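S.K.: Build me a model:
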Amino acid sequence: MNSGPRHTRASAADALTRLADGLSEAAGAPVELDRPNDPAHGDYATNVALRVAAQRRRPPRELAAELAEAAEGLDGVARAEVAGPGFVNVTLADEWYARAVGEILAEPGWAAGAWAESERVQVELVSANPTGPVTVGSARNAAYGDSVARLLELRGHQVEREYYFNDGGRQVDSFRASVAAVRSGGDAPEDGYRGAYVAELAKAGGDPVALMMSQIRETLERFRVRFDSFQLERELEPEIPAAVALLDTYEAEGTVWARTSAHGDDKDRPLVRSSDGSYLYFAYDVAYLRHKLERYDRAVYVLGADHHGYVNRLKAAAAMMGYDPDRVEVLIYQLVHVTSGGAATKVSKRRGDVVFLDDLIDEIGVDAARWYLVSRGHDQTIEIDVDLAAERSQKNPVYYVQYAHARIAGILRNAGERAPSAQAGLSGPLQPEERALAKRLLELPGLVAESAERRAPHAIPTYAIRVADDFHRFYQHHKVLGSEQEPFRLALCEATRTVVARCLELIGVQAPERM
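M.R.: Down below sits the predicted model:
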């Protein structure tokens, strides 16, 4: 089935990618550059000669020697040496670093790296039932999904963020009944919804589902997650017959079933009750999936740990309807635990068994909440220590990185009219801390590309901490203002500020000018 036109746009390769491309051309094979632990072994190293030696039936050191000779003819390479059984260590000229740092300042899209093809991507995130305020578990969905969307946008994709509101079904009916019972002076049903927020809705009047939907939107806006569209479940019902008609179905036990097991699912899924023709959950899922794939090249679902079964059933539905199942992605994230003083804590003032996002924000702020909720891989459980997260010291990683940004902003303010320049030259040899910081900055385009491809934004805060480490080390050892190397060091500071700000923006955290 035609997924619509592709949108293409070219972006220039960054300095590190150009270096790898030049070495790849010389080697006749893809080259990946690593940073040696010991700077005496060069700035970068590659094992490409070892990888291709068997295929070419030649000694690795012989191939490495040829590559080293070719490498020394590349722009910016000061020397290249063979090491060990066939590694090639490359040392770059100071001027190469100066130009590379200048590119960070001169190219607004530098961090995006090189890319050519853009997809229309819908990222569906949060989509919690409108039966209560946003919990910390759903907040991880929001922080993770929104950060994935930001990475995809930076890489040039056209991204829409959507929230699917389940405004029907048993849970919503139970929620309405619970609020109605409290409004009439009684108690919520035994299996209903309880807590102070139910009493608040009862006092407010009006449809509690609409009121809760409005509150959810306000909370997520406060959390810096902005949606492009909201899909109501009831609006999909007219689209169900056409979607179900595309499936391989059969009738058994008073139900119409989709034969999803023939397409990789662990079992078939019920669609329609034969007795009255009422639709079951999977029928809505199928209609919603078709709704997505008719409009977007890729449909990304962000779902909690209890939704593992959705991966195969959605891909099976896509295949039966004639779509490429690879256009469907289901990103599963794990649980969140909130602790204080080393013990589990109940931050919520509204309900004793759930931690709500608004309460967490009140406790630690939006920046810390966003940081901690994306600081681990989505396949790992997260534990948020509210005492540490609320602390304004360098023990708190988000504060530590923000402080680096604010410190650089202060240096640039003090420079006055001596603004950083992308053409800043060198007045002397680069010092080890300058070289190490520049190397770290140049990793960002590659990291962004990999993080977007793997849907892994947790690599961004980890990298930001390393940038802050390298900057603080550089600043401790070297004077910026009034030094002979001031023009380059101002450019290096501005490049660092740009990289830190970009990292924070990608995970929805502010980059303060003062702290």
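S.K.: State the pLDDT value of Ala196.
M.R.: With respect to pLDDT, Ala196 scores 88.
S.K.: And for it, the neighbour number?
M.R.: Residues within reach of Ala196, counting by other C-beta atoms under 10 Å, total 12. All C-beta atoms are positioned from the backbone trio N, CA, C, and that covers glycine.
S.K.: Check Trp371 too.
M.R.: What Trp371 shows, counting by other C-beta under 10 Å, is a neighbour count of 27.
S.K.: Show me where the stretch 201-350 of the chain dips below the pLDDT cut-off.
M.R.: Confidence mapping of the stretch 201-350 of the chain against pLDDT under 70 gives the ranges 343-350.
S.K.: 80 - rerun?
M.R.: Along the stretch 201-350 of the chain, segments meeting pLDDT under 80 span 341-350.
S.K.: now do the stretch 1-150 of the chain
M.R.: Across the stretch 1-150 of the chain (using pLDDT under 80), the flagged ranges come out as 1-12, 114-116.
S.K.: please redo it, this time with the cut-off set to 90
M.R.: Residues of the stretch 1-150 of the chain meeting the criterion pLDDT under 90: 1-13, 39-40, 108, 113-117.
S.K.: okay, now the nearest residue to Ala317 once chain neighbours are set aside: neighbour count?
M.R.: Closest residue in space to Ala317, ignoring its immediate chain neighbours: Val286 at 5.0 Å, by C-beta to C-beta, 6 or more residues apart in numbering. Using other C-beta under 10 Å, the number of residues around Val286 comes to 29.
S.K.: swap in Asp75?
M.R.: Using other C-beta under 10 Å, Asp75 has 13 neighbouring residues.
S.K.: which element is the residue nearest to Ala317 on?
M.R.: According to DSSP states H and E, Val286 maps onto helix 281-293.
S.K.: Tell me which residues of that helix come out buried.
M.R.: 282-293 (16 or more other C-beta atoms under 10 Å).
S.K.: what's the closest of those residues to Val480?
M.R.: Nearest to Val480 out of these is Lys292 (C-beta to C-beta; 50.6 Å).
S.K.: one step back: could you dump the helix holding Val286 to CSV, C-alpha only?
M.R.: Taking Å, rounded to 0.1, in the frame of the first residue of the first chain, the C-alpha atoms of helix 281-293 are listed here in CSV:
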residue,chain,number,x,y,z
TYR,A,281,-11.1,-3.3,22.2
PHE,A,282,-9.0,-4.8,19.3
ALA,A,283,-11.5,-3.5,16.7
TYR,A,284,-10.8,0.0,17.9
ASP,A,285,-7.0,-0.7,17.8
VAL,A,286,-7.3,-1.9,14.2
ALA,A,287,-9.3,1.1,13.1
TYR,A,288,-6.9,3.5,14.9
LEU,A,289,-3.8,1.7,13.3
ARG,A,290,-5.3,2.1,9.8
HIS,A,291,-6.2,5.7,10.6
LYS,A,292,-2.5,6.3,11.4
LEU,A,293,-0.9,4.4,8.5
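S.K.: Scan the chain for its longest helix.
M.R.: As assigned by DSSP state H, the longest helix anywhere in the chain is helix 486-506.
S.K.: quick one: low-confidence parts of the stretch 401-515 of the chain?
M.R.: Checking the stretch 401-515 of the chain against pLDDT under 90 turns up nothing.
S.K.: which residues in it form helices?
M.R.: 432-441, 444-454, 459-477, 486-506 (DSSP state H, counting those that start in this stretch).
S.K.: do the stretch 251-400 of the chain as well
M.R.: Using DSSP H, counting those that start in this stretch, helices in the stretch 251-400 of the chain cover 281-293, 310-320, 357-364, 366-374, 386-389, 397-414.
S.K.: Just want the angle from the second one to helix 281-293.
M.R.: Note on geometry: by axes from the mean of the first three to the mean of the last three C-alpha atoms, to 10 degrees, helix 310-320 and helix 281-293 are set 60 degrees apart in direction.
S.K.: that older thread, among the helices of the stretch 251-400 of the chain, which is the most enclosed?
M.R.: Scoring the helices of the stretch 251-400 of the chain by mean neighbour count under mean count of other C-beta atoms under 10 Å gives helix 366-374 as the most buried, with a mean of 25.
S.K.: roughly how far is that one from the heart of the chain?
M.R.: 12 Å (C-alpha atoms, centre = their mean, to the nearest Å).
S.K.: do the same with stretch 365-373
M.R.: Centre-to-centre, stretch 365-373 and its host chain are 14 Å apart (C-alpha atoms, centre = their mean).
S.K.: Mind exporting the C-alpha coordinates of it to PDB?
M.R.: The C-alpha trace of stretch 365-373 is given here as PDB (Å, rounded to 0.1, in the frame of the first residue of the first chain):
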ATOM      1  CA  GLY A 365      10.500  20.900  39.600                       C
ATOM      2  CA  VAL A 366       9.900  20.300  35.900                       C
ATOM      3  CA  ASP A 367      13.600  20.200  35.000                       C
ATOM      4  CA  ALA A 368      14.600  17.500  37.500                       C
ATOM      5  CA  ALA A 369      11.500  15.500  36.700                       C
ATOM      6  CA  ARG A 370      12.200  15.500  32.900                       C
ATOM      7  CA  TRP A 371      15.900  14.700  33.400                       C
ATOM      8  CA  TYR A 372      15.400  11.800  35.800                       C
ATOM      9  CA  LEU A 373      12.500  10.300  33.700                       C
END
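S.K.: Residues contacting it, please?
M.R.: The contact list for stretch 365-373 (C-beta atoms under 8 Å, 6 or more residues apart in numbering) reads 139-140, 142-144, 222-224, 336, 357, 360-361, 364, 382, 384, 389-390, 396-399, 402, 461, 507-510.
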